[in-house]
Every structure is written in structure tokens, then in C-alpha cells.
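# Sequence below, structure please.
(chains A and B)
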Amino acid sequence: MPSGHGHDTFEHTADMGLRGWGEDLEASFREAALALFSLMVDAGELKPEMSTSIRVDGGSLEELLVEFLNELISSAHLKEAVFIDLSIDDLVLQGGRWKLSATSSGILTEHHAERLLSEVKAATYHEASVTEDRSGMWTVQCVVDL
Amino acid sequence: MSRVKVRKIGECLWEIPREGRMNVPGRIYADERSIEFLKSEGGSGQWDALMQVRNVACLPGIVKGSLAMADIHPGYGFPIGGVGAFDPDDGVVTIAGVGFDINCGVRTMILDIPVDDMKSRQETVADEMFRSVPAGLGSTGSLRLTKKEIDKVLVEGARFALERGYGVRRDLDYIEEGGVVSDADPSAVSDRAKERQLKQVGTLGSGNHYLEVQYVDEIFDTEAAAVFGLAADSVLVSIHTGSRALGHQIGTDYQKVLASATAKYGISIPEKDLIAAPIGSEEGKRYISAVRAGINCGFANRQVIAGLVRDLFARLFSLGEDSIRNLYEVGHNNLKFEYHEAGGVKKKLLVHRKGATRAFAAGSRDVPEAYSTVGNPVLVGGTMGTCSYILAGTKKGMDETFGSAVHGAGRLKSRKRALKEFGGAGIIDRLAADGITVRVHSRKGAAEEAPGAYKDVDRVVSIMERAGVNRKIVRLKPLICIKG
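Numbering: from 1, shown residues only, chains lettered A, B, ... in the order given. Predicted coordinates:
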């Protein structure tokens, strides 16, 4: 895996795995979100037309990741948009629960039908993991149902 | 190699013997070649479908066996093609046995037109179908519903669509359960799930969902085909879709509920995908009720699309109401309370079918009267460009599989590999050369769904027939395929 930060998808017979990595937890979560967006839209040079804030929490980092991705899927759908970028505003452990807030920006589906790819039904706990290696690099992943 | 040991116990039937934490044996319908493939697949970085069959066998209250139909491939917790029946007294309901696309299924209608008429206008018909049925990411249906109306959808199923003018009364007699299940509680479904569905009723979706025009290419059982109203060259149109965003959101919402129920009731699960709740617990009852609401949403969605398709063909070919007949509609991601023989007595069981179709044999309850001598038609979709089948269940299938059948060809290659191998415009041109008109909302999606990405559907259905649990009635060849 290259250093710095990045994302990719990995093989799963029926569906698709998403992976994000970065030098801190925030960067790896952001990359996982970008991997999710890459399945839904070929954004190219398009500029965001809307933005929204996202708040999720979870009892573990794995749960936080799955909740985060599911929140992105349903929030974009409700706003009739697909997201193309995201910034993590806060990711903290508070009172025994992980909490994440982010700002996600995207394009409206009705304006860009030709850029849209696949619907994603949900993020699952299948192969969900959040790990830190010896060098302090974080990797997060899970499988999504297409 | 998979660590799971299997042994052959019959024609095209393999067993994972009961050992360790397993409550029942595993049973897989496969021939030598496919069992070797399943064994080699496990542990090679791919998910191990045999291990998933074994894991399901460890769930509390499972009855008779953890079953896998011949289209088995790895899923989440349950394999796709998996069937598991649970005793309501001590058994569990698991989200893995239903999946996120609740009541995904197939509707097939028979059109009273000569196949040559269809072939002579194939390109125009494909364009009209592509325009008439909303599909792909971001698409919205022609219905704009309020949350109150969504509650009606969740209770009334296909009947809601009929009342709104989609389809005809007779359609409902040829839908599994008459197009509506009882005990569906809209209050068990979140506001967010309902909000996501306000514009989604009557949309096809994307991925492996499709609209297809087909004709009868081969008849295996003339008598049974005649009972279904099918003859050589009969023209049919099939719809493959499910409960859309509402179903997906129910799955998402209840992941949390069932995860905490698993801990609360101390349910021992072999892996985290198999989160479950006791059938009789508050959480279990609420999830089952939400799934039943999702099932009705799937029925309504297909009935709206069937109405659109009916209107389109009536206009294009000047057909009257009786010239477009619903053959049948049946789901393949479902939870159903059904009565089956178990341990010598007939018992009410909760049957999970994850990528498996209900195949009730001749004389069973819940089969339309007109089909009572054959059983319900089992609609098995191939993949883009390959044949589909109409099968029927058998008495042996009622005994061995709780009346279940395959649901499709079964994925063989991951979407990523398919994209690498079949990407670009090539696949659509190749199918056109074979006389199959394809229209796609996403070219990338077309490559992911290419025929080479799936198992050979002919072999898959032959395995079930050789095992004696399903029988072939007719084979259908595609003419037009519209992909989401």
C-alpha cells in the first residue's frame, strides 16, 4: 500500500469492498468516503453544487465507519445528490462513544445523469475493520452491497 | 482451499456433516465441477461460500439443514442461494438471510403477439422501454407520494398500485401471496426509510436489475408449459427489481437493532454478519414486521412498473387487456412463515430465502388455482444476454428444500474482474450481433453484468433438475435487455 493517503476498491464476488488509508484516522475515513463516491459518480472536474453536514456515532470504530458510510448513502439520496468531496470536521471519543462530524459536498443527480454510475444499497459489517499499523498509518475498510 | 469438508450424499447433493457448533448439517446442490470450484474458492482471498453454509448451520433453532441452491456464491453471513428455516419457539431471525434488497424478485408477463412482430420492431421497442421505465441512480418514478401514502404502500402492497391505475385486477391473482402480506407494520419502518421512498415507487434501480423481452426457445414439459399458457415462440416481458431505497434503509436501520439483540439475548453467532434476534423477542417481531412492510413495498414497486410496461405494449402493438397476461411474480430475498414437514410433523417455520425462489409443488397452498397441477412458476433470470428459465418445484423439493429453487445464474466473477475483462462498448456490440438489443443507463454497469461474469445458467438449473428438487418447464431467450 502506498504511503500518504489514498483509497481503492477490492474484490468481492457479489459486491465491492472499499478501502481508505491515511496518516491519521480522519484521513482514512475521508478516503473511505471518497472510495464510496467513486462507485456512484464519475465526477471528473465537476464542482460541488450543494453541501450538507453529517453527524454519526458508534460504539466502536468499525461501527462508526459503517454508520458513516450509510449516513452518506442515505443523506445524498434524500438530497437527490451524489457526493463528490468531504471534509472531516471532528472525530473524537466522547463518553465511551466515537463521534464524527463532517461536511459533504456534491452535485445534483438531475443535472448530471451522464456522470452517474451505480446505486449503493448499503455499507455492511462484512470485512469491516479499522486498523493502525506500526508506522501510525490507519486503514479502514468494509464491503458495500451494490 | 476451503477448510470445510463436504461429502457426496446423492445425485448433485453434497453434505457438510454436522460437527462442532453446528445444529444441523449443511446441504449444497452442486455437480462435481461446481463443488470443486466452491472448495478452491474458500481461503483464496475470496469469501468462502461453504464456510457460510456451515456458519448458518450453527444458528439457534435452525431446522433440518442449512441449504444452498446451485447458484450459491458468497454473500454476507448467508451465502447467496441460501435457505434456512427456523423454529419460532427457539429459533432466530437474521438480517443476513434477507439482505438489503427485501423482496427483490421477478415479474413475468405474456404478450399475445407473434415473435416476428417483436423482432421486426426490436430497436424501437427497446428505445420506448428505456424511456418508459425510470432506472439508474438518481431516477424518480412518476408517482409522488406523501408519508401517509407510503404507509398505505407498506400495508396494501400491489393493491395500492392497482388502485392508482397501474395494471389490472387479474394481475394480483398471479403474484406470490396475491401481492400483499399481512402483519406489515409501517411504524416498524423509520421515517427516513419512508422519506427515501417518496419518489422511488415505480423505479427499476441499477446493478443486476433489468427489464427484458424474451421468447420461449425450448420447451421441456409441454403439458406444464400449456398450463402456464406458454408455447414455442411465446413472447414474454420480465421485470427484475425489489423494494428500492425503503428496503435498503430497513436493512441499514435494523443492523443496529439486531446487533444489540444478539448481545442482549446472548445469541452465539459464528461471525458478526449473522446478527440475529429470537423470533419471539420484541426486536425479532419488530424486524419481521418491518421486512413484511418492505415485502409489500417490493410488490407495489413491481406492480407500478408492470402497469407502465402493460400500457406501453398495449400502445405499441394495439393490444387489449386480455392480450397481456401476468404469468407470475415471485420474490427471492424473503422471510416467510410457512408450514413444512420437520421431524415427521407439519410445523410453522420462519423460512429465510437469500437469493432463492419459492418453488411450491403441485397441490401446495399458495399456488394459483390455474397452476395447481404444476406448482407456482419459478422465474429464474439469467444475466444480460443469456437465457432465463421457468421451472417448477417438486414433491421432493418440498421435502428437501422447504419448496425452494435457484434464483439466477449466480455470480462467478467480482464486478472488478468483470469490468477489467468485459469493459467498454464491446459487450453491447457483441450481444447486438447475436440479435439481442441492450440499452444501459451505465456502460460500466453493463460490463459488470456481462454474461461471462456469471455461472452458466443452463448448468445451474440442470443441477437442480438432476437432484430432483426443481424441474425445467421452458427456456427463454432474450431479445431486448434494459439495464439500470
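# report the longest strand in the chain, please.
As the question left the chain open, I've gone with chain A. strand A:81-94 (DSSP state E).
# Chain B, not that one
Per DSSP E, chain B has its longest strand at strand B:470-483.
# Check which helices and strands that strand sits against.
Helices and strands touching strand B:470-483, by 3 or more C-beta pairs under 8 Å, 6 or more residues apart in numbering or on different chains; DSSP states H and E, are helix B:115-120, helix B:122-132, strand B:210-219, helix B:222-228, strand B:388-393, strand B:437-440, helix B:457-466. In short, each C-beta sits where N, CA and C put it, glycine included.
# and the angle for the longest one with strand B:210-219?
This points to helix B:122-132. Between helix B:122-132 and strand B:210-219, the angle comes out at 140 degrees (axes from the mean of the first three to the mean of the last three C-alpha atoms, to 10 degrees).
# Could you list every helix and strand in contact with helix B:122-132?
strand B:210-219, helix B:282-317, strand B:437-440, strand B:470-483.
# Could you double-check that residue B:375 sits in contact with residue B:365?
No. Using C-beta atoms under 8 Å, residue B:375 makes no contact with residue B:365, being 11.4 Å away.
# Now do the helices in the stretch 51-200 of chain B.
For the stretch 51-200 of chain B, the helices defined by DSSP state H, counting those that start in this stretch occupy B:115-120, B:122-132, B:147-156, B:158-163, B:191-197.
# At the contact with chain B, which residues of chain A appear?
Applying C-beta under 8 Å from any C-beta of the partner chain, we find that chain A lies next to chain B at A:9-16, A:40, A:63, A:66, A:70, A:73-74, A:77-78, A:80, A:82, A:109-110, A:113, A:116-119, A:121-126, A:143, A:145-146.
# so where's the chain shaky on pLDDT?
In the absence of a named chain, chain A is used. In the predicted model, chain A carries pLDDT under 70 at residues A:1-3, A:14.
# try again with chain B
Ranges of chain B meeting pLDDT under 70: B:42-46, B:423-425.
# Where does it get nearest to chain A, which residue?
Residue of chain B nearest chain A, by C-beta to the nearest C-beta: residue B:138 (2.9 Å).
# before we move on, back to that, switch the helices of the stretch 51-200 of chain B over to CSV; also include distance to residue B:326.
Converted to CSV, the helices of the stretch 51-200 of chain B look like this (distance: least, C-beta to C-beta, whole Å):
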stretch, distance to residue B:326
helix B:115-120, 18
helix B:122-132, 17
helix B:147-156, 18
helix B:158-163, 10
helix B:191-197, 24
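# Could you say which one of those comes nearest to residue B:228?
helix B:115-120 (17.0 Å; C-beta to C-beta).
# Look up how far residue B:49 lies from the residue positioned nearest the centre of chain B.
Closest residue to the average C-alpha location of chain B: residue B:332 at 2.5 Å, with C-alpha atoms, centre = their mean. From residue B:332 across to residue B:49, the span is 17 Å (C-beta to C-beta, to the nearest Å).
# Count residues in the vicinity of the closest residue to residue A:132 other than its chain neighbours, would you?
For residue A:132, ignoring the flanking residues on the chain, the nearest one in space by C-beta to C-beta, 6 or more residues apart in numbering or on different chains is residue A:138 at 5.2 Å. Residue A:138 has 21 neighbours, counted by other C-beta atoms under 10 Å in any protein chain shown.
# Residue A:138 contacts residue A:91, correct?
No. In this structure, residue A:138 is not within contact of residue A:91 by C-beta under 8 Å, at 10.8 Å.
# Identify the contacts common to these two.
Residues touching both residue A:138 and residue A:91 (C-beta atoms under 8 Å, 6 or more residues apart in numbering or on different chains) are residue A:25.
# Residue B:470 touches residue B:461, doesn't it?
Yes. Counting by C-beta under 8 Å, residue B:470 does reach residue B:461; the two are 6.9 Å apart.
# list residues touching both of these two?
With C-beta under 8 Å, 6+ apart, residue B:470 and residue B:461 have common neighbours B:391, B:406.
# where along chain A do the strands fall?
Under DSSP E, chain A gives strands at A:6-11, A:16-22, A:50-58, A:81-94, A:97-108, A:122-123, A:129-132, A:138-145.
# Direction included, what does the longest one pair against?
When pairs are called by DSSP bridges, strand A:81-94 turns out to pair with strand A:97-108 (antiparallel).
# buried stuff in the lengthiest helix in chain A?
Ranked by residue count, the top helix of chain A under DSSP state H comes out as helix A:61-78. For helix A:61-78, the neighbour count (16 or more other C-beta atoms under 10 Å in any protein chain shown) marks A:61-77 as buried.
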